[in-house]
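Asker: Generate coordinates for the sequence data below:
(chains A and B)
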Amino acid sequence: MDENKNNRESRRDFVKAAGRILLAAPVLALPVILAKRTDVKGFVWQIDPFKCTSCELCKSSCVMTPSAVKCMNAFPMCGYCDFCPGYLRQGAKTFNTAAENQLCPVGAIKRKFVEEPYFEYTIDEKLCDGCSKCVKGCYDFGNGSLYLQIMHNLCVNCNQCAIARVCPSDAISRVPAEDPYIRKEIKKL
Amino acid sequence: MFIGHTVLYAQPQRFPRPEFEGGYTFPTHQFLYQRGPLWEYMDVAVLVIALLATAWMVIKKRSRQGLVWISVFSLAYFGFYRQGCICAIGSVQNLSLALFNETYAIPVSALLFFSIPLIAALLFGRVFCAGVCPLGAIQELTGFRQLRIPRQVEAVLSAIPFVYLGLAVLFAATESQFIICRYDPFVGFFRIDAPYTMVIFGSLLLIVGIFVNRPYCRYLCPYGVLQNIFSRFSVKHMTITPAECRNCRLCESGCPYDAILQSDPDAETERPARSWKESAIYLSVIPVIAIGLAVLLYNISPSLAVVNDNVKLAREIRLEKNEGIKAVSKNAVAFYESGKTEDELFAEEQKITGRFRKGAPWVGLFLGLSLGIGLFRLTARSVRKDYEPDRGRCYSCAKCMKFCPVKINN
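Answerer: Numbering: from 1, shown residues only, chains lettered A, B, ... in the order given. This next block holds a predicted model:
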């Protein structure tokens, strides 16, 4: 009887020890298996402005409210036009800063006269909500200097970006954290 | 195809660059960065320290009060400060994505967040669940009452985490979705910012959790499946009694999760022949269930593949081609604008569906084995002399300790 018990206990101990090794081995071996495919520097999410189709989902899909996506103007590409198609809505009768002429629903684009015939357009990021209406206007009728980017002081760097999940053109992907912005004026095709 | 892309997306310079005369300079933009990668390693260090502290508090010091304070800290740090991301539960997906895709490099912190709590479980039991996981902490700190769940209901609901784990691994491996992240009920509270569906789901779980403690841990958490398995082989584990068990039965009602295994010191033997036969039957049924579920998952894998965006789009386009139902989704509009051909899209769809076909049977096998082994263990007799926690299911929350009258003389 005692012997049975001892046998049973030593069997149980053996199974336990074997189980521990069988479980610990793959977990400890993971860093070795994935040695070549491990990243140390970190990734963040970013929009590729050359793939973006101005679908307006950036505003509503981000888990943060307001969205971490803001519009930027690539000044070296901008035409500084009086009739900016990213600033003025289609059918605007006069080219001025009147609210009824503006395309931006929150009035985030500021227009400033520079010199004849050039106007400077800057985005007030505190107002911008990433809706991409100006991006579409600028791309369709202008130089395409307005583009959306994920701002990393606002982005919480989700494991899977909720906007990336719904982006119709797969424009959002992981980029190295050290170089987290894809600047249209620098990366022209 | 590459040419198609460049032609479409090449930005035409419709209006010439201005030539400024008055000495104008372009405004500069302030580019702000995320916190540096070193902070991720600090998170890993805090994880290790919290795990060791919990183990010490639960096993050595045996203090429920201390565990509660560690839970508060973990909720504050991993929950509200780090906003619940990255977490060990989600790291399963990162690992799955890395193992089955050459192009993804897993961040070291994700790998460590996956491995370290499992090693801790192998050493000390489910100390991660006890005091470190922020989702566990938020449920632990709101579990005021204790309602018992009937065994059968508990058994059925406990199957959900296995399915969740299998599907999460499959969807992550095929680069389709991170469903654990998407359906995380509490991350909205941690960010103090959530869509209303998440607020409702999270609040419901917390309210239910006041009575049925730790509902996410018990019936949803996919990482809990792994913690369960690893903890069963733990080297040291929390015990109800600090010394020997007197079989006084006072702790029987002490566990909100019914994770206390009762002893039966009088019954040494039963009718061996009958129980051997039962065990043999259940053992032989395991491969049948496993293969059956594998075949089932193989057959439904095309329906599962729809989770992938490219597959969904391909089916929408095909529907338009074959039956004339207009494809109006934003994805379809972007597809038509992009200049990608339908053949390319359908080829991609075939490739992804093929990956689903290859991966889904393994998920079925896993589910079948889990179910079969679970049923088999019901037939296993254990002769127990003491009341001890079920190491797989015990969260080491230390609620049972106060019921034990055994005291150590110093």
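Asker: Near chain A, which residues of the stretch 201-350 of chain B? Just list them.
Answerer: Listed as neighbours of chain A in the stretch 201-350 of chain B under the rule Cβ under 8 Å from any Cβ of the partner chain: B:229-230, B:232-233, B:235, B:309, B:329-335, B:337-338. No exception for glycine: its C-beta is placed from N, CA and C like everyone else's.
Asker: and the stretch 51-200 of chain B, which residues reach chain A?
Answerer: The interface of the stretch 51-200 of chain B toward chain A, taken as Cβ under 8 Å from any Cβ, is made up of B:83, B:85-86, B:90, B:93-95, B:98-99, B:102, B:104-108, B:111, B:114-115, B:118-119, B:122, B:177-178, B:181-182, B:188, B:191, B:193-195.
Asker: Narrow those to those that are buried.
Answerer: Burial by neighbour count, judged by 16 or more other Cβ atoms under 10 Å in any protein chain shown, picks out B:83, B:85-86, B:90, B:93-95, B:98-99, B:104-108, B:111, B:114-115, B:118-119, B:122, B:177-178, B:181-182, B:188, B:191, B:193-194 from these.
Asker: burial measure for residue 61, as a count.
Answerer: Going with chain A. The local packing of residue A:61 (other Cβ atoms under 10 Å in any protein chain shown) involves 20 other residues.
Asker: Chain B was what I was after
Answerer: For residue B:61, the count of nearby residues is 12 (other Cβ under 10 Å).
Asker: what's the pLDDT at it?
Answerer: Looking at residue B:61, its pLDDT is 93.
Asker: Then residue A:188?
Answerer: The model reports residue A:188 with a pLDDT of 62.
Asker: Kindly report the same for residue B:272.
Answerer: pLDDT recorded at residue B:272 is 57.
Asker: Kindly report the same for residue A:116.
Answerer: Looking at residue A:116, its pLDDT stands at 83.
Asker: That one: how many residues sit nearby?
Answerer: Applying other Cβ under 10 Å, we find 9 residues neighbouring residue A:116.
Asker: now swap in residue B:76 and tell me
Answerer: Using other Cβ under 10 Å, residue B:76 is surrounded by 13 other residues.
Asker: what's the answer for the one 5 residues further on, then?
Answerer: By other Cβ under 10 Å, the residues close to residue B:81 number 13.
Asker: Give me the distance between it and residue B:75.
Answerer: Distance of residue B:81 to residue B:75, computed by Cβ to Cβ, to the nearest Å: 10 Å.
Asker: ok, now residue B:323?
Answerer: Distance from residue B:323 to residue B:75, by Cβ to Cβ: 52 Å.
Asker: For these two, work out which one has more neighbours and name it.
Answerer: When neighbours are counted by other Cβ under 10 Å, residue B:75 comes out ahead of the other of residue B:323 and residue B:75, with 25 against 7.
Asker: Specify the local secondary structure of the nearest residue to that one once chain neighbours are set aside.
Answerer: Setting aside the residues directly before and after it, residue B:75 is nearest to residue B:137 in space (Cβ to Cβ, 6 or more residues apart in numbering or on different chains), at 4.0 Å. Secondary structure for residue B:137, judged by DSSP: H, G, I helix; E, B strand; the rest coil, is helix.
Asker: for residue B:137, what are its contacts?
Answerer: Remark: with contacts taken as Cβ atoms under 8 Å, 6 or more residues apart in numbering or on different chains, residue B:137 is in contact with B:71-72, B:74-75, B:78-79, B:131.
Asker: If we use 10 Å, what do you get?
Answerer: Taking Cβ atoms under 10 Å, 6 or more residues apart in numbering or on different chains as the definition of contact, the neighbours of residue B:137 are B:67-68, B:70-79, B:129-131, B:186.
Asker: Need the pLDDT of it.
Answerer: 94.
Asker: now residue B:58
Answerer: According to the prediction, residue B:58 has pLDDT 94.
Asker: chain center to the top helix by length along chain A: distance?
Answerer: Among the elements of type helix in chain A, defined by DSSP state H, the one spanning the most residues is helix A:2-33. When distances are taken as Cα atoms, centre = their mean, to the nearest Å, helix A:2-33 is centred 46 Å away from the chain's centroid.
Asker: Quickly check: the helix or strand following it near chain B or not.
Answerer: Taking DSSP states H and E as the definition, the helix or strand that follows helix A:2-33 towards the C-terminus is strand A:38-39. Yes. Legend: contact between strand A:38-39 and chain B by Cβ under 10 Å from any Cβ of the partner chain is shown at A:38-39.
Asker: rewinding a little: out of the residues of the stretch 51-200 of chain B next to chain A, which are inside helices?
Answerer: When DSSP H is applied, these are split such that B:90, B:93-95, B:98-99, B:108, B:111, B:114-115, B:118-119, B:122, B:181-182, B:188, B:191 fall in helices.
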